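> sequence unavailable; structure follows:
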Ligand code: CA
């Protein structure tokens, strides 16, 4: 069940309609209090949370969720108003999984919901396709031969995707859509840049991320030889 917290009835109804008609089931809340009350009794799969809400705003609600161990793992996508860069940055810093800038299209909203759910569902299966290279999705850490390395959010997501699909060649477009949630093809160089920095950070395992000519990239599967 996806919960949509949005005080504008028109937007809320469209969100619910869009989710219900794409295979999800959705429930709406018009204010933070009723949402918070329901959270004490049920656990949604994901929350689409508006920042600008009467009485308790979305940022405060997000903080409260992240401070509560029973709620902190529920994925949250924040809906921020156009031009409020601070809200976006703050949302991500506070642990939101993604954000949408209003006004957003319903197709985009549904695809973000899918992407966040996919990422979060992978969390229960720690990926270890390459021994010596350990990615812990819950702690959001990566170690190389026991040494902790620091990856950016996107580098981490790329590595996680590769580790979960060893041997699978991904096109740059696929990587863009899965890791950046965008289909904007002009950005494929972004992928190359991130692969380059990721390889550097992975040290001797960097070469495991192979360039597949005319395709994209793949992780060389475990090779004991
Ligand atoms: Ca609002």
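Yep, that arrived. Everything quoted here is computed from the prediction, not taken from an experiment.
> show me which residues of the lengthiest helix in the chain are buried.
Counting residues, the longest helix found in the chain (DSSP state H) is helix 106-121. Using 16 or more other CB atoms under 10 Å as the test for burial, helix 106-121 gives 109-113, 115-117, 119-120. Where C-beta positions appear, they are placed from N, C-alpha and C, glycine not excepted.
> equivalent analysis for stretch 155-171, please.
For stretch 155-171, by 16+ other CB under 10 Å, it's 155-166, 170.
> stretch 191-205 too?
Buried residues in stretch 191-205, defined by neighbour count with 16+ other CB under 10 Å: 191, 194-195, 198-199, 201-202, 205.
> how about these, which pair is most distant?
Greatest spatial distance among these (CB to CB): 191 and 205, at 18.8 Å.
> how far away from the center of its chain is stretch 161-169?
Centroid separation for stretch 161-169 versus its chain: 18 Å, with CA atoms, centre = their mean, to the nearest Å.
> now do stretch 207-217
Distance, stretch centre to chain centre, for stretch 207-217: 24 Å (CA atoms, centre = their mean).
> that stretch: end-to-end distance?
Stretch 207-217 has its terminal residues 11 Å apart, counting by CA to CA, to the nearest Å.
> how is the closest residue to the ion within the chain assigned, secondary-structure-wise?
Residue of the chain nearest the ion, by CB to the ion: residue 52 (3.9 Å). For residue 52, the assignment made with DSSP: H, G, I helix; E, B strand; the rest coil gives coil.
> same check, this time on residue 7
Secondary structure assignment for residue 7 (three-state DSSP): coil.
> per-residue confidence for it?
Residue 7 is assigned a predicted lDDT (pLDDT) of 97.
> wait, doesn't it sit right on residue 53?
Yes. Using CB atoms under 8 Å, residue 7 makes contact with residue 53 at a distance of 5.3 Å.
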